[in-house]
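K.L.:
Provide a 3D model corresponding to the input given below.
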Amino acid sequence: MRALGSSCAGAVEVWPAGPVPQWRRKEAPDPCGSGASRAGAASAGLVPVVCVVEVQGAASNPVAESVAPTSPAIFAVTGGKGQGAVLNQDSSPNSVSNPAGPGSVLQVFATGFGQTGPAGVDGQVAGSVPSFPVGKVTATIGGIDAAVQYAGTAEGLLAGVTQVNVAIPAGVQTGDAIPLVLSVAGSPSPTGITVAIH
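P.N.:
This next block holds a predicted model:
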C-alpha cells in the first residue's frame, strides 16, 4: 500500500510498503490552482491537502481536506460526550459519585494539541522527560477561565495524549455536569464534555 498526499506547496509524500515506513518527497502540480485559495487557507491557519490512497496499483479518488495545526479534544468516559476522562486532585476518577471540590485541581486527558517541544515520536510511550505543546493552552470550566498549571505529556501514556492540570476557578457553578473546554493556540475542544463539581 502507498498513500500519496499533496499540499498546496506542491509536494507529494509517498509511503512505500515495508516493515519500516520511510517518506520521500516528489514534486507535483499545485492542486489548489490559484495563489488566492492558498492565501485564504493560510490566513485561517489551515493547510489544504489532497490525498490519494493506492492499494495494489488501484488509486482512490482524490480527497481534499484542510488540516489544522491543532484540533484539541478531551477524552470522554464513553461516547465522546458527557463525563470527561478526568482525575481529581487525589488522582481518583472524577464522576457524579466522586466530584471535585471547588478550588481543587483537575487532571484532564486530551489529544490533538499539535506539535510539541521536544517533538514527540508516534507510538512512543512518554518517559520522565516531558514534551509540551507549542501552542498556548487555556481552559474554561463552566464558562469561567481556569488556570492551566501544567500541559504536557503524561509519563506512561502514548505520545499524542496530553495531560492538562486545571485549577477549578473561584465562583464556578457546582453540579454533576459542568462544561469543560480546553483550547490550544485559540482552537477550542468540542463542547459537550463535563466534570462533576460539588
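
K.L.:
What residues does Thr78 make contact with?
P.N.:
By C-beta atoms under 8 Å, 6 or more residues apart in numbering, the contact set of Thr78 is empty. Any C-beta I mention is one placed from the backbone N, CA and C, and that applies to glycine too.

K.L.:
buried set for stretch 145-163?
P.N.:
Ala146, Val148, Ala151, Gly152, Thr153, Ala159, Gly160, Val161, Thr162, Gln163 (16 or more other C-beta atoms under 10 Å).

K.L.:
now swap in stretch 130-146 and tell me
P.N.:
Ser131, Pro133, Gly135, Val137, Thr138, Ala139, Thr140, Ile141, Gly142, Ala146.

K.L.:
in the sheet, who's paired with Leu87?
P.N.:
Pro93, Gln107 (DSSP bridges).

K.L.:
I'd guessed it sits against Val105; true?
P.N.:
No. Judged on C-beta atoms under 8 Å, Leu87 makes no contact with Val105 at a distance of 9.6 Å.

K.L.:
which residue is nearest the centroid of the protein?
P.N.:
Gly112 (0.8 Å; C-alpha atoms, centre = their mean).

K.L.:
Going by distance to Ile197, which of the buried residues of stretch 145-163 wins?
P.N.:
Closest approach between these and Ile197, by C-beta to C-beta: Ala146, at 11.1 Å.

K.L.:
which residues sit in contact with the closest one?
P.N.:
Applying C-beta under 8 Å, 6+ apart, we find Ala146 in contact with Ala139, Thr140, Val166, Ala167, Ile168, Pro169, Val172.

K.L.:
at 10 Å what do you get?
P.N.:
105-106, 108, 138-140, 164, 166-169, 172, 180-182 (C-beta atoms under 10 Å, 6 or more residues apart in numbering).

K.L.:
Write the PyMOL selection for whichever of those residues are buried.
P.N.:
Of these, the buried ones can be selected in PyMOL as follows, counting by 16+ other C-beta under 10 Å:
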select buried, resi 105+106+108+138+139+140+164+166+167+168+169+172+180+181+182
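
K.L.:
number of nearby residues for the closest residue to Val86 other than its chain neighbours?
P.N.:
Of all residues not flanking Val86 in the chain, Asn94 sits nearest, at 4.2 Å (C-beta to C-beta, 6 or more residues apart in numbering). With neighbours defined by other C-beta atoms under 10 Å, the count for Asn94 comes to 25.
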